[in-house]
Structures are given as structure tokens and as C-alpha cells.
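Undergrad: give me a model of this one.
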Amino acid sequence: MKHISESIIGRKGSRIDKRAIADGDVLEWRNGEKPIFMSRETWYKHTGLDREEGVLAVPTLYTVPGWVITGFGAWNDDLSQKNPEFDIVSIYKSGEKFKDELYKALEMGNTKWSKRTKALLSYRTHVIDAATPIKVQ
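TA: Sure, this is the predicted structure:
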């Protein structure tokens, strides 16, 4: 995994920033929660809603839509946030291996929200199990 980290981070001493986040990556907040990043294009394609910088989705069976959505624009370029509890501390790169799983879950839509949520939870687990986290802060 050293090569992947080096390609994302760049030369030694460089900091990771928002540009390192890709569609489907699982991020880890300082509080331990792990949202899934969806780009503006992916979010719009599957919901018809626009968020300029994309969204972070926390899948949960405890809310009726099956997820809690936060706009990615609330994070600074260095992946910190106004509330340090939500600073991004690790990135689990999804790569292309699981992207179809993510897109199929999104295509389920709100009418099958509990199935979509279970599929997103499964997707998140697969990405986390397959990736070595890249530490940010």
C-alpha cells in the first residue's frame, strides 16, 4: 500500500487535502464515524439534488431515509472542520473494485431505503476491510 499512499500524498512532507478524496471513498472522522463520500455528479445522478462539493453519507437504519447527509463544502481544504470532532483523520480509498456495489445501492432509491442502507453498510465494510487507511491528521 506504500505506493498508493505515495501517489495520493505526493512527495514526502506534503499534506493530504480535499483533492485526494474520490467518489466512494470511506472517510473517518475524529469521533470514529465513517461516512461515504459521493461526488457532486454521483449525488446529482442518483438524487436529483445538487451539492457543489459532493456529500458525506453516513448510512444508518435509525432514520427513515436510511442515511444522514452532510455537504462536503463544510470541510476546509486540509480536511479539518469548524467542529474538531468531525475533522477527517483517515481515508479508506475505494478504488474501482467496489464502485458497482455503491452505485447499485444508490439506484435502490428512497422507496427501498432500508435495503439501500444495508447495501451501503456492506459497501463501507468491504472498502474498510480491503484498504489500508491513509492517515490525515
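
Undergrad: mind listing the helices for the protein?
TA: Using DSSP state H, the helices found in the chain span residues 2-9, 40-47, 99-107, 113-130.

Undergrad: list the contacts of the longest one.
TA: Surrounding helix 113-130, the residues in contact under the criterion Cβ atoms under 8 Å, 6 or more residues apart in numbering are 24-26, 34, 36, 57, 59-61, 64-67, 92-95, 97-98, 101-102, 104-106, 108-110. All C-beta spots, glycine's among them, are computed from the backbone N, C-alpha and C.

Undergrad: tilt between that helix and helix 40-47?
TA: Here the directions of helix 113-130 and helix 40-47 differ by 150 degrees (axes from the mean of the first three to the mean of the last three Cα atoms, to 10 degrees).

Undergrad: for helix 113-130, which positions count as buried?
TA: For helix 113-130, the neighbour count (16 or more other Cβ atoms under 10 Å) marks 113, 116-121, 123-124, 126-127 as buried.

Undergrad: that helix: how far from the chain's middle?
TA: 12 Å (Cα atoms, centre = their mean, to the nearest Å).

Undergrad: measure how that helix sits relative to helix 99-107, angle-wise.
TA: 160 degrees.

Undergrad: ok, now the second one?
TA: Using the same axes, to 10 degrees, the inter-axis angle of helix 40-47 relative to helix 99-107 is 40 degrees.

Undergrad: list the buried residues of helix 40-47.
TA: 40, 42-43, 46.

Undergrad: for Q81, find the nearest of the helices of the chain.
TA: helix 40-47 (18.7 Å; Cβ to Cβ).

Undergrad: same for the closest one, what does it pack against?
TA: Counting contacts by 3 or more Cβ pairs under 8 Å, 6 or more residues apart in numbering; DSSP states H and E, helix 40-47 is packed against helix 99-107.
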